[in-house]
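Undergrad: the following block contains a protein sequence and its predicted model.
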Amino acid sequence: MSKSLLFKIIFLFVFASATAQVQNEIIPPYHIKTVSFVQNNQNAVPIFELGSSFQFQFDDLFGNEANYYYEIIHCDYNWIPSNIPKNEYLQGFDNQRIQNYLNSFNTLQIYSHYTLSLPNQFTEQLRLSGNYILKILNDSKEVVFSRKFILHENGATVPLQVKRARNISVVEYMNNLDFSIKSTTINFQNALKNIKVSLLQNGDFNTEIKNIKPQYTIGNDLIYKYDTETQFWAGNEFLYFENRDIRVASNNIAHVDSSTDIYNCLLHTNSARRNSPYTLFEDINGNFVVKNTNATDNDIEADYAWIYFSLSAPTYRLDKGIYISGMFNNYSLSPEYKMDYNEKKGIYEKAILIKQGFTNFKYVIADSKGKIDNENAIDGNFYQTENEYTVLVYYRENTGRYDRVIGKGTANSLNIIN
């Protein structure tokens, strides 16, 4: 065997090994629904202050009180497991059974509702900031699904402003983030190499902007004032439906069918808003609220219903898919949420089983590899759209062993400036 061939084989092996370690989220199977992180009794984007407490919740539609276990993996900036021993980032133990679960009560769709509190009696403390993967395992210790979450310190402040795009061709359609990183407790070492950032819009990791270097420094302050590198397509306000009283055709629900085993809620057909004027209406930036008007415990008394979505978008007969997306499904682009084109009606359709309450959603165009086409968004892009932006700051000292998240900045585009 020639040396060049041997080198190629070794290179491919090393490359495959390295890329195989990236911890991508594993999509839940069909029977796992309403997966969410909860803090202060509200669904939350999974970015929490180090030392704070939060919960992880989900429903199992089999409703058979199955045993589920959890595992917590500390990762670096690129979601590759860090080399930190578990006993250094976790005080106590993981790989424990989730003991807090209840069966649904007075619902047509049976389910078991699971709640994992962190910290808890087994996992007493998560000691380090950074990226984490939470894996949910079955009795055979196989991974059923997984979710990302992030713990941050308060070692740096991140003053953040949302501005209109500086490029005249997209000034009406994009938001630009101007921010800086300041710290009175950390003297940044080799900032170009050791500082990394993550920019998020409405907590959606699918549109995350990464690997942006500081443009320049002033003393110990790092300045980011880019024209294009920190821009997001502004999108449009999220659509929504409300079925807190599951028997009634209320906000954006055209008809409720109760003749089957589970309620069917048919939404009014949405039209593509790309060429319509921007209209301001309040949303909750992709979030959802589980709520049954007639219940005392929404976690187990809120029912499930088949929600029938329909979209009239005659100019979007593309070789790409149209998906229904929001925090209710973790902005997933799995086949379960891909719409089908009804040739007879000339519209896109999809039925999804969703827990009752108030739900934000949007229509997303993506190709077969999951690449989202935000530029040609079905509902258009309007700089006036209200979006919540987050900037996370990662720092690894020259002798550091892991990527700390030393600061978090947030801003809302309601306060956009020119």
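TA: Okay, I see it. Numbers count the residues shown, from 1 in each chain.
Undergrad: off-centre distance for stretch 235-243?
TA: Counting by C-alpha atoms, centre = their mean, to the nearest Å, stretch 235-243 is centred 16 Å from the centre of its parent chain.
Undergrad: end-to-end on that stretch?
TA: 25 Å (C-alpha to C-alpha, to the nearest Å).
Undergrad: which residues touch it?
TA: Residues from elsewhere that reach stretch 235-243, judged by C-beta atoms under 8 Å, 6 or more residues apart in numbering: 201, 250-253, 256, 265, 267, 270, 273, 278-286, 305, 307, 326, 356-363, 374, 377, 379-382, 385-387. Every residue, glycine included, has its C-beta placed from N, CA and C.
Undergrad: now with 7 Å?
TA: Here stretch 235-243 makes contact (C-beta atoms under 7 Å, 6 or more residues apart in numbering) with 250-253, 265, 267, 270, 273, 281, 283, 285-286, 305, 307, 326, 356, 358-362, 377, 379-382, 385-387.
Undergrad: let me see the mean pLDDT of it.
TA: For stretch 235-243, mean pLDDT is 96.
Undergrad: cool, stretch 137-157 as well?
TA: On average, stretch 137-157 scores 97.
Undergrad: buried sites along it?
TA: Across stretch 137-157, burial judged by 16 or more other C-beta atoms under 10 Å covers 137, 144-153, 155-157.
Undergrad: on that earlier part again, got a quick ChimeraX command for the buried subset of the contacts of stretch 235-243?
TA: To isolate the buried members of the contacts of stretch 235-243 in ChimeraX, using 16+ other C-beta under 10 Å:
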select :253,265,267,270,273,283,285,286,305,307,326,356,358,359,360,361,362,377,379,380,381,382,385,386,387
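Undergrad: and the helix or strand encompassing residue 148, what does it pack against?
TA: Per DSSP states H and E, residue 148 falls inside strand 143-152. Applying 3 or more C-beta pairs under 7 Å, 6 or more residues apart in numbering; DSSP states H and E, we find strand 143-152 packed against strand 32-39, strand 47-49, strand 130-137, strand 404-412.
Undergrad: direction included, what does that strand pair up with?
TA: Strand pairing for strand 143-152, using DSSP bridges, gives strand 47-49 (parallel), strand 130-137 (antiparallel).
Undergrad: how far does it sit from the chain's center?
TA: 10 Å.
Undergrad: now stretch 339-357
TA: Remark: stretch 339-357 is offset 22 Å from the chain centroid, using C-alpha atoms, centre = their mean.
Undergrad: now do stretch 298-305, average pLDDT.
TA: 97.
Undergrad: ok, which of the strands paired with strand 143-152 comes nearest residue 60?
TA: With C-beta to C-beta as the measure, strand 130-137 is the member of these nearest residue 60 (10.2 Å).
Undergrad: quick one, strands of the stretch 201-350 of the chain?
TA: Counting by DSSP state E, counting those that start in this stretch, the stretch 201-350 of the chain has strands at residues 204-210, 216-218, 221-224, 231-233, 239-242, 253-257, 264-267, 270-271, 288-290, 304-312, 321-325, 340-342, 347-355.
Undergrad: may I see the ones you listed organised as CSV, with distance to residue 175 added?
TA: What follows is the strands of the stretch 201-350 of the chain, written out as CSV (distance: least, C-beta to C-beta, whole Å):
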stretch, distance to residue 175
strand 204-210, 11
strand 216-218, 22
strand 221-224, 14
strand 231-233, 5
strand 239-242, 20
strand 253-257, 32
strand 264-267, 29
strand 270-271, 24
strand 288-290, 23
strand 304-312, 25
strand 321-325, 19
strand 340-342, 32
strand 347-355, 28
